[in-house]
Structures are given as structure tokens and as C-alpha cells.
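Student: Build me a structure from this.
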Amino acid sequence: MNLQHITIRDVENHWESLPLALQAIARWAGVELSDRSLNAALGLLFIISSPQDETQADLAWWMTYGREAYLIETGQLFGMKIRELHTTGPNPSASATPQDHQRFKEHIRPMIREALHKNQPVLAWQGWPDYHSFLWGVITGEDHSDLGFSGTTMWNNGKSVSLANPPAKLYVIEELQPKHPGADELLHVAIQHNKAVVLNQLDPKWGVVTGLPAYRRWLVWLGEDPARHASGRYTAQAHYQMARFVTHARESAMRFIDYYKEDGRHTELLPFLEAMLADVRGVIGTLATSRDLKALEVLYRTEDGRRALAAGVDAAHDFLKAQIQIIEHMAQKLGL
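Tutor: Numbers count the residues shown, from 1 in each chain. Got it, this is the predicted structure:
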């Protein structure tokens, strides 16, 4: 199979680039995996995140950090043997120096070439050009660009794109026999992983803050003078993108919850699933104005308007408090 046939498809309202990359790899191998299952296993159903060092990224990209926390375990669950190839540390910056480029060419490029020569896809976070820079993608081949590789990312209409900077994280798919995990196995994994995420219990090595502390960081951001933000006049857009990432995750959660509600084999969990679904809908509803860019831009111009936006974020914060209780009760019910 030709690695360059791997293509990440853009799917409306699906903004988690790592699950889309895994879907593309599995599809290349002949199996279609659902985004709801991948998001669940990766712990992304109820996620809100911020880099440990908030200066490393604009608010618009906070929701791209820490996605790989359960990548290796998720790969195993879905029939992929995944190995970490390279990481720059817990809080990588999107900016790269000439020295970074040179180190990549001398030390990292040979490892990627070896994987590609073995017909092994390589997952890469950061390094893609322009507005793709904080996305996950798949390196699928060599080219004549400065860094020597190209691949596929979301938001690129299926076209190949060259790496512009050294990626911050690289993982190689060493073995690939994609499969669908059993419903019970997936549910147990999903509850374990999502519980850790909502409780902000991920290992610090992943460089991410999640759950209620991440919401509080967002509220602090909203309370600051917009002129202080590095993104300047684009801060309304950053808030909009953050809200879209957060609510798209909940839309995936709705699909996951609906699947288990309709499954019929988990009647003892039905009250928890119903309550969880209500909380997810609540978050989507309370952030509705933040998802409306025209209304948001008007509100963001004034201090009173920003307070109104903060009220929506604060309500979403409180919905997560309820979500935490539900997921802890579900974990107890399942003996986890």
C-alpha cells in the first residue's frame, strides 16, 4: 500500500485532528473507525485544555494540547502498535529556530525516513504550515522541501502539504491491523480516560491542564484587557475558536452517549447516560453566543460584553462540575 494514499478528510464540525488522522490511517488499511469511539478512547469527550505554560500558544490553540496522552493505549485498543519517535518536551512552542531545523535534519529526519521506507505512517503534531501549525497530521512521504517531508492534515481539502517546521511530537505506526473494540471494552476505557481528563489528572509530562482549572484559565483570559493579548485584534476570533473546539468535543460526546443509550445492554447505566447527555447539551447551549462570530465580535468590543461572554463560560464550568460527579458515579458502577 502506498502511504501517499492516506488522506485526512475534512468533516463538518469535527475539529479534533488526532482522531481524524487515526481514522485516515485505518481507512488506508481498509477499516472505517468512528470518531465517537476514537474521541472516547483518547479521553476527548468532555475535554477543555490549556498548555501548562499559557504563553506558549494563543487561546485559539489551547484545545490542541495533550491529545496524545492516551494515544498508545488507544492505538492498541484499535489494532495499531504506536511508538513515540520524538518529542520536544511538555510545552513546545510553534516557533522554530534555525538550530531546531538543523537538529531535525541531523537527528530526526533519518528516523522518519526509516519509518517511511518500512511503509509505516508517522503522526506529527505541529510543524505544518500556516493555520495548520497546531494540528496533528500524517507524514506520508519525502519531497524536495527544506525539511524533506510532506503529508496530510485536516483543513487542507485532502491535498498534500510540506512540513514547514520541525514537529514537536512524532509517533510511528509500527504495526497496523485496525479493528473495532468490543462495546464493553471501549466503554470501560472511555470512562477511565475521560475521568482522568475531567479531573485534571493527566501526567505533567503531557504539558496540559484540563477540566475545571482550564475553564478558570479561560475566564481569566476573558477578564484581561484585550490589548494585552499577543494576538491583538484577533482575540475575538481566538475566543470563538476555543468555544468551537469545546462544543465540538461535546457533540462527539452526544454521539457516543446516544450509541450506548440505544445499545440496550447497559440499562443500569441509563440514568447516568441521560444525565450526562443533559449536561453536554447544557454546555453547547450556554456557549451558543460564543459560537456565533458576528454576535461575539460585537460583545467582545466592550467590557460589559466580555462579562456576558464570561457568564456563558462560567455556566459551562458549572456543567462540568456536574459532569464530574456523573462520570465518577459511572466509574464506581463499573468497578473502575
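Student: Just the buried positions in the helix or strand bottoming out on mean pLDDT in the chain, please.
Tutor: Ranked by mean pLDDT, DSSP states H and E, the weakest helix or strand in the chain is helix 98-103, scoring a mean of 85. Neighbour-count burial for helix 98-103, with 16 or more other Cβ atoms under 10 Å as criterion, is recorded at Asp100. Using the backbone N, CA and C atoms, a C-beta is placed for each residue, glycine as well.
Student: and that helix, how far out from the chain's middle?
Tutor: 27 Å (Cα atoms, centre = their mean, to the nearest Å).
Student: Okay, buried residues for the next helix or strand after that helix please.
Tutor: The first helix or strand that comes after helix 98-103 along the chain, using DSSP states H and E, is helix 109-117. Residues 109, 112, 115-116 are the ones in helix 109-117 that count as buried (16+ other Cβ under 10 Å).
Student: Likewise for stretch 173-183?
Tutor: 173, 176, 178, 181.
Student: can you give me the strands in the chain?
Tutor: Ranges of strands within the chain are 49-51, 80-87, 122-125, 136-142, 149-153, 161-162, 169-176, 208-210, based on DSSP state E.
Student: Same list, these, but as a markdown table with mean pLDDT and distance to His188 please.
Tutor: Formatted as a markdown table, those follow (pLDDT from 0 to 100; distance: least, Cβ to Cβ, whole Å):
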| stretch | mean pLDDT | distance to His188 |
| --- | --- | --- |
| strand 49-51 | 96 | 23 |
| strand 80-87 | 95 | 19 |
| strand 122-125 | 98 | 25 |
| strand 136-142 | 97 | 25 |
| strand 149-153 | 97 | 32 |
| strand 161-162 | 96 | 37 |
| strand 169-176 | 97 | 23 |
| strand 208-210 | 97 | 20 |
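Student: export these to JSON lines and tack on distance to Gln241?
Tutor: As requested, these are exported to JSON lines (distance: least, Cβ to Cβ, whole Å):
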{"stretch": "strand 49-51", "distance to Gln241": "13"}
{"stretch": "strand 80-87", "distance to Gln241": "25"}
{"stretch": "strand 122-125", "distance to Gln241": "17"}
{"stretch": "strand 136-142", "distance to Gln241": "16"}
{"stretch": "strand 149-153", "distance to Gln241": "16"}
{"stretch": "strand 161-162", "distance to Gln241": "20"}
{"stretch": "strand 169-176", "distance to Gln241": "21"}
{"stretch": "strand 208-210", "distance to Gln241": "17"}
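Student: among those strands, which is nearest Leu20?
Tutor: strand 136-142 (7.8 Å; Cβ to Cβ).
Student: Who's the closest spatial neighbour of Arg250, skipping the chain neighbours?
Tutor: Using Cβ to Cβ, 6 or more residues apart in numbering and skipping the chain neighbours, the partner closest in space to Arg250 is Val280 (4.5 Å).
Student: and the buried residues of helix 109-117 as a markdown table, adding distance to Asp314?
Tutor: Putting the buried residues of helix 109-117 into a markdown table (distance: Cβ to Cβ, whole Å) gives the following:
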| residue | distance to Asp314 |
| --- | --- |
| Arg109 | 47 |
| Ile112 | 44 |
| Ala115 | 46 |
| Leu116 | 48 |
